[in-house]
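1. okay, here's the prediction I keep looking at, along with the sequence it came from:
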There are 2 protein chains.
Amino acid sequence: MTMDSKPLFGKVALLGIGLIGSSMAHAMRRAGLAAHIAGFARNPETLDAAERIGFADSLHDDPRAAVRDADFVVLATPVGAFAELAKEIAPHLKRGAIVSDAGSVKTAVIGAVAPYLPQGVHFVPAHPIAGTEQSGPEAGFAELFDGRWCVLTPAAGTDSQAIETVKTFWRRCGSEVETMDAKHHDLVLAITSHVPHLIAYNIVGTADDLEAVTQGEVIKYSAGGFRDFTRIAASDPTMWRDVFLNNREAVLEMLGRFTEDLTALQRAIRWGDGETLFNLFTRTRAIRRSIIDAGQDTAAPNFGRSRARRS
Amino acid sequence: MTMDSKPLFGKVALLGIGLIGSSMAHAMRRAGLAAHIAGFARNPETLDAAERIGFADSLHDDPRAAVRDADFVVLATPVGAFAELAKEIAPHLKRGAIVSDAGSVKTAVIGAVAPYLPQGVHFVPAHPIAGTEQSGPEAGFAELFDGRWCVLTPAAGTDSQAIETVKTFWRRCGSEVETMDAKHHDLVLAITSHVPHLIAYNIVGTADDLEAVTQGEVIKYSAGGFRDFTRIAASDPTMWRDVFLNNREAVLEMLGRFTEDLTALQRAIRWGDGETLFNLFTRTRAIRRSIIDAGQDTAAPNFGRSRARRS
């Protein structure tokens, strides 16, 4: 990480200072990206925690105050709150400001935010593909985005200088940057993130509901595979509710395929078709190897996942 | 780990020296549990690797030679090979020997093995709930069983001294030991291990089959959750084929519940029922906390999973 003498932005407003917003603040500090970091949260406890940790230069319970004179405004709350936030801040945005976000869905976010933004404000939607199962301002850490991808989904005709600035921002936060069509992003993330979360939540719920197996047994013997699902299923409930409500079409499409394939596997088990099982299990092993080769998994602690500073 | 002056067994025969068998050899060496460790594999490459690593005192391509004069015989191949192995070794077992196994299913294993065992040989089925996605003799390491559960499922009327000896064996390999009815074991493992593996294999297969999303994209953006599933879906294909074929009833039962619950979630997404989603996601988070409290997950590297010595 090289520090330039001049920060990329004068003032950055982080609307939402949970895991992602606070990690952005830490990463910005590390790289010297902003002369002033303003944080906004409605919850007083969140603001207290942020003040204690000290990752922001100013803290606000009113988003309008946070965005005043800001050069870069990032929506980092659960996506269900974006439309209201955008509407509230729109009249107070500085001319020439760049508005971005960190939402896990993009088509719905663009539909919720873009209509409110005034002329002369640049909208560059972004999705840093990074996270842990922790949430809140105390979960953030500067290294969260290191080596992870950040996908930008700007509309055609977006100011190219604004796009370049957001790319530079994320690269200096440690990320690699890719640009993609919003609809395609939503499909890619449905299969690589949203459906995996949904089935993890689902199996943990199923296990919790059993009568024949006690919850104590499920917990005690979770090392056989279940444990890994519970980690994913511990992710922030509000954030994930909003993801599913806002990427409905792509999630249902991918879920339909998942279920179809699962039905075929169920049939193979019922009929004792070992060959079908063996062939699938061999194919999936090869995909794992590709992920390791691509550097998206490592032998490092925590399987390459960035670790929360405190847990 | 305390070393007694006298080993628990004179000779131990490990029939199968992949991840589990070789880890047992390492753990036995660490605790001084056997005067002689005999290893059996049919594959010459496996035998070569075992010889290179040196975790066994003798290596055999004939199971009958491996079990000769052995006090403790452990079946540690994929469970589909157990019946044939049991039939082959039965006439060569020492009177008073204890036969055990490391299979992930128990009812089918008992049905496959018990009928072949002669009078005067004690059968104490066992399932060490530990593993990694690695396989083969080079994947084994002494710490694999440390702090993990090993479940014994002896039939009623089994010699209590033999059961005690197997308990001592596993405790000195680092495990905690529980005794359970075989049928109940299979149900517990279906939900905590078998169905989680099946859905991990399934989603990785689904992702591999998509046309709208390239395999390159799936790999590149796997950090959003998918990556964790690929690790599970990289587990040994033969072992897992045999698990599903041999725990069919319990797996289909649990899979039926999983699918039913998933259909309800799908419906909640389609109808925009955020409350159902939020309530489930909150409930699953609490279960994660229980697993951490139970010490079955930790903040340690690799989320408490024992790490392969080489990867």
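-> Yes, it's here.

2. tell me which residues of the lengthiest helix in chain A are tucked away?
-> Ranked by residue count under DSSP state H, the longest helix found in chain A is helix A:248-270. Along helix A:248-270, these residues count as buried under the neighbour rule (16 or more other CB atoms under 10 Å in any protein chain shown): A:248-251, A:253-255, A:257-259, A:261-262, A:265-266, A:268-269. For every residue, glycine as well, the C-beta is placed using N, CA and C.

3. average pLDDT for stretch A:119-131?
-> Stretch A:119-131 shows a mean pLDDT of 96.

4. ok, back up a step: so which of the buried residues of helix A:248-270 reach chain B?
-> Counting by CB under 8 Å from any CB of the partner chain, A:248, A:251, A:254-255, A:257-259, A:261-262, A:265-266, A:269 from the buried residues of helix A:248-270 sit close to chain B.

5. same list (those residues) but as TSV, adding distance to B:Ala142 and pLDDT.
-> Shown next, in TSV, are those (distance: CB to CB, whole Å; pLDDT from 0 to 100):
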residue	distance to B:Ala142	pLDDT
A:Arg248	49	97
A:Val251	44	98
A:Met254	42	97
A:Leu255	42	97
A:Arg257	43	97
A:Phe258	39	97
A:Thr259	42	97
A:Asp261	39	97
A:Leu262	37	97
A:Leu265	35	97
A:Gln266	38	97
A:Ile269	35	98
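
6. ok, these vs B:Phe244, which is closest?
-> A:Ile269 (5.0 Å; CB to CB).

7. end to end, how far does stretch A:179-196 reach?
-> With CA to CA, to the nearest Å as the measure, stretch A:179-196 spans 23 Å from end to end.

8. does it reach chain B?
-> Yes - residues of stretch A:179-196 are located near chain B by CB under 8 Å from any CB, namely A:184, A:187-189, A:191-196.

9. with respect to chain B, which of those residues is nearest?
-> Distance ranking of these against chain B, using CB to the nearest CB, places A:Ser193 first at 3.0 Å.

10. next one: that closest one from A:Val151, what distance?
-> According to CB to CB, to the nearest Å, A:Ser193 and A:Val151 sit 11 Å apart.

11. give me the common contacts of these two.
-> A:129, B:221 (CB atoms under 8 Å, 6 or more residues apart in numbering or on different chains).

12. A:Asp242 and chain B: what is the separation?
-> A:Asp242 sits 8 Å away from chain B, going by CB to the nearest CB, to the nearest Å.

13. dump the strand or helix carrying that residue to PDB, restricted to CA.
-> Element membership for A:Asp242 (DSSP states H and E) is helix A:237-246. Provided in PDB are the C-alpha atoms of helix A:237-246 (Å, rounded to 0.1, in the frame of the first residue of the first chain):
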ATOM      1  CA  PRO A 237     -30.100 -11.200   9.300                       C
ATOM      2  CA  THR A 238     -31.200  -7.700   8.100                       C
ATOM      3  CA  MET A 239     -28.600  -7.600   5.300                       C
ATOM      4  CA  TRP A 240     -29.400 -11.000   4.000                       C
ATOM      5  CA  ARG A 241     -33.200 -10.500   4.200                       C
ATOM      6  CA  ASP A 242     -32.700  -7.400   2.000                       C
ATOM      7  CA  VAL A 243     -30.500  -9.300  -0.400                       C
ATOM      8  CA  PHE A 244     -33.100 -12.000  -1.000                       C
ATOM      9  CA  LEU A 245     -35.900  -9.500  -1.300                       C
ATOM     10  CA  ASN A 246     -33.900  -7.400  -3.800                       C
END
